[in-house]
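Q: Predicted structure and sequence below. I'll ask about it afterward.
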Amino acid sequence: MCGIAGILSDSIDLRSEKECIFKISRSLRMRGPDAKGEYVTRDAALIHRRLAVIDVENGSQPMRFGKYVIVYNGELYNTAEVRRELEAHGYEFETDCDTEVVLKAFHMWRERSAEKFNGIFAYGIYNEESKELFLCRDRIGVKPLYYASVGTTFAFSSRIESLLYVKGVSPICTREGLNEIFMLGPAKTIGKTVFSQIRELPPASYMYYHHGKTEIKKYWHLEAAEFGDSAAQAEEHTHYLVTDAIRRQLVSDVPLCTFLSGGLDSSIISKVASDACGDRGEVLSTYSVDYVDNDKYFEASRFQPNRDSDYINLISDYINSKHKNVVLGNAAVAEALIEATQARSCPGFTDVDSSLLLFCREVKKDFTVCLSGECADEIFGGYPWYHRTEILFEDTFPWSRSTDVRRSILKDGFLPEGEAYARNAYYETLKNVSTLDSDSTLEKRMREMFVLNMNWFMQTLLVRKDVMSMESSLEVRVPFCDWRIVEYAYNMPWSIKAYDGREKGILRKAFENELPDIITWREKSPYPKTFNPVYLNEVCKMLDIALDDKSSPIWDMVDADKIRTLMREPETMREPWYGQLMRTPQVLAYVFQIYVWARKYNVEFQY
């Protein structure tokens, strides 16, 4: 994994922009601490920071072939197959890295090369002769790619912050950005960021840029199709796809481990990984995260029915892994909210972010690559809102069914269009749902829920996982995001997917013979959060300072009195802000992150 960036300009001699190029490269250093490289001409600058994982000795970037120069971030999991196909066309290879395969595949097939890749990636390829730039992003959107176009200058980067060093790009947040923050956050609309001049290349898309003109096209999208497999065949094929995805992602020339929460998804990944390690005479290392005194303060709920700690040792012993439980201090998790905000370059997922940042830093002490179980819930129907009829057919985002809590912390009259903005985002998503005429009302809604969850909830988690892990110089792979699994699950009838009426039922059934029953059929439990009041107290201390800062622009947006009431009476917030992981402590932390973000980037608000 790496950090990439680039600038093209018709009006600036980029050879004289050494300071700008240096700052952009430095902003990417945590994404690529092992090596750096630059390609600079009058018209173009390509910047690369490398985290060496495959073919550590070779694979330096930017890499050239003929008239093309590439900067690449990601991993291909079918490198060998694509390389063999290229070799059949006469191509020769000097390295074992996937960068060379991507570059030569583009030389052979141009933009259609992206359709051949199975992996997570974002890359830019510059044509030295035509001065044209090609950008591309993986199907699911695991790897980020942002861009800005100002006048005759165009820039792209793995990080939002990097683009703010480009001349002409300013930290401007308009009403649109504010609505993204207050009415949709920590989620965001695909293609947008909170800064008006910075956009996101959508997943499964490519872009051509040439002398001020941009052209964006999608090369993949979910298509509804008849499902021809029986329940037994679906079980077998699900097992094959998941196992194959995990095994493909175990390839690494540096140490590799897995995250293990004791839940179904991470247990499946760790079991397959452990078996593969055993075949090589090795022992898998696994990691889990918890918080100081969390056992003492744990509160069972519909969303979090039991503690992970009760199951982690059981599955670790079962697969014979070398396990380490990382215990985070609650004050440290609160303090890391500042770093987590800066890593995202925008307000984020509060302690869900900051705890992952600290966790990844601990794992990085021993490993460079890790596998994690994100996104099985979105793909296989794991969340409660898939299974509760009163929520399922509600005409709104199921994880944020009301904007009442959001509205309650804002000053009267601020963002009056906010509710309409959120509803429009919901309806725009539904326009892109592919269905069949034969779909029942339930099946059609399940397709809608699939796309809603993939485009919103899942994207939030993927941004979180990429940003916090790469800020720790740790590569985290997500096998459940294999596009073959996504396509297959999209067309699987709900009666098969929800086997035995259970969340992720088909996934449970597919692996029931490889895991202990208590793990296979355990109720879903989300990413662990802290229940310790120390965290809330620390957040309130920091937020107190922020609310006392009358010079802060958020003073004109939020109702400080109502927020202070919530700080004194946290139990008065009855509904979550965003899914099961953002309640009172997280809402207060989110307001603090908005303050930190506005201060850090000296944001210019235009509303």
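A: Okay, I see it.
Q: show me where the stretch 101-250 of the chain has strands.
A: Using DSSP state E, counting those that start in this stretch, the strands of the stretch 101-250 of the chain run over 119-127, 132-137, 146-150, 153-157, 172-174, 199-200, 205-210, 213-218.
Q: Looking at these, spot the one closest to residue 528.
A: Across the strands of the stretch 101-250 of the chain, the minimum distance to residue 528, taken as CB to CB, is reached by strand 119-127, at 24.7 Å. Quick note: C-beta positions are derived from backbone N, CA and C, even for glycine.
Q: Output that closest one in CSV with nothing but the alpha carbons.
A: Coordinates of each C-alpha in strand 119-127 appear next as CSV, following Å, rounded to 0.1, in the frame of the first residue of the first chain:
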residue,chain,number,x,y,z
GLY,A,119,-8.1,-6.1,-5.9
ILE,A,120,-8.1,-2.8,-4.0
PHE,A,121,-6.5,0.1,-5.8
ALA,A,122,-6.3,3.7,-6.8
TYR,A,123,-3.8,4.9,-9.4
GLY,A,124,-2.8,7.5,-11.9
ILE,A,125,-1.1,7.0,-15.3
TYR,A,126,0.3,9.9,-17.2
ASN,A,127,0.9,9.9,-20.9
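Q: who's in contact with that strand?
A: Strand 119-127 is contacted from outside by 4, 6, 8, 39, 44, 46, 67-78, 98, 102-103, 106, 132-138, 140, 142-145, 156, 158, 201, 477-478, 481, using CB atoms under 8 Å, 6 or more residues apart in numbering.
Q: buried subset of those?
A: Among the contacts of strand 119-127, the ones that count as buried by 16 or more other CB atoms under 10 Å are 4, 6, 8, 39, 44, 46, 68-77, 98, 102-103, 106, 133-138, 140, 142-145, 156, 158, 201, 477-478, 481.
Q: picking that back up, and of the strands of the stretch 101-250 of the chain, who's closest to residue 351?
A: Of all the strands of the stretch 101-250 of the chain, strand 172-174 sits nearest to residue 351, with 23.7 Å by CB to CB.
Q: May I have the strands that pair with the closest one, each with its orientation?
A: Strand pairing for strand 172-174, using DSSP bridges, gives strand 604-606 (parallel).
Q: how about CSV for the strands of the stretch 101-250 of the chain, with mean pLDDT added?
A: Shown next, in CSV, are the strands of the stretch 101-250 of the chain (pLDDT from 0 to 100):
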stretch, mean pLDDT
strand 119-127, 98
strand 132-137, 98
strand 146-150, 97
strand 153-157, 98
strand 172-174, 98
strand 199-200, 98
strand 205-210, 97
strand 213-218, 97
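Q: nearest to residue 399, of these?
A: Minimum separation from residue 399 across the strands of the stretch 101-250 of the chain (CB to CB) falls at strand 199-200, 20.6 Å.
Q: What lies in contact with that closest one?
A: Against strand 199-200 from outside (CB under 8 Å, 6+ apart): 144-148, 190-193.
Q: if you set the cut-off to 6 Å instead, what comes out?
A: 146-147, 191, 193 (CB atoms under 6 Å, 6 or more residues apart in numbering).
Q: How far off centre is it?
A: 15 Å (CA atoms, centre = their mean, to the nearest Å).
Q: same question, stretch 560-572
A: 31 Å.
Q: Please save the CA atoms from that stretch in PDB.
A: In PDB, the C-alpha atoms belonging to stretch 560-572 read as follows (Å, rounded to 0.1, in the frame of the first residue of the first chain):
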ATOM      1  CA  ALA A 560     -23.900  25.600  23.100                       C
ATOM      2  CA  ASP A 561     -26.600  25.500  25.800                       C
ATOM      3  CA  LYS A 562     -28.200  22.400  24.400                       C
ATOM      4  CA  ILE A 563     -24.900  20.700  24.000                       C
ATOM      5  CA  ARG A 564     -24.000  21.500  27.600                       C
ATOM      6  CA  THR A 565     -27.300  20.100  28.800                       C
ATOM      7  CA  LEU A 566     -26.500  16.900  26.900                       C
ATOM      8  CA  MET A 567     -23.100  16.800  28.600                       C
ATOM      9  CA  ARG A 568     -24.800  17.000  32.000                       C
ATOM     10  CA  GLU A 569     -27.600  14.600  31.100                       C
ATOM     11  CA  PRO A 570     -26.300  12.100  28.600                       C
ATOM     12  CA  GLU A 571     -29.100   9.700  29.200                       C
ATOM     13  CA  THR A 572     -31.600  12.100  27.600                       C
END
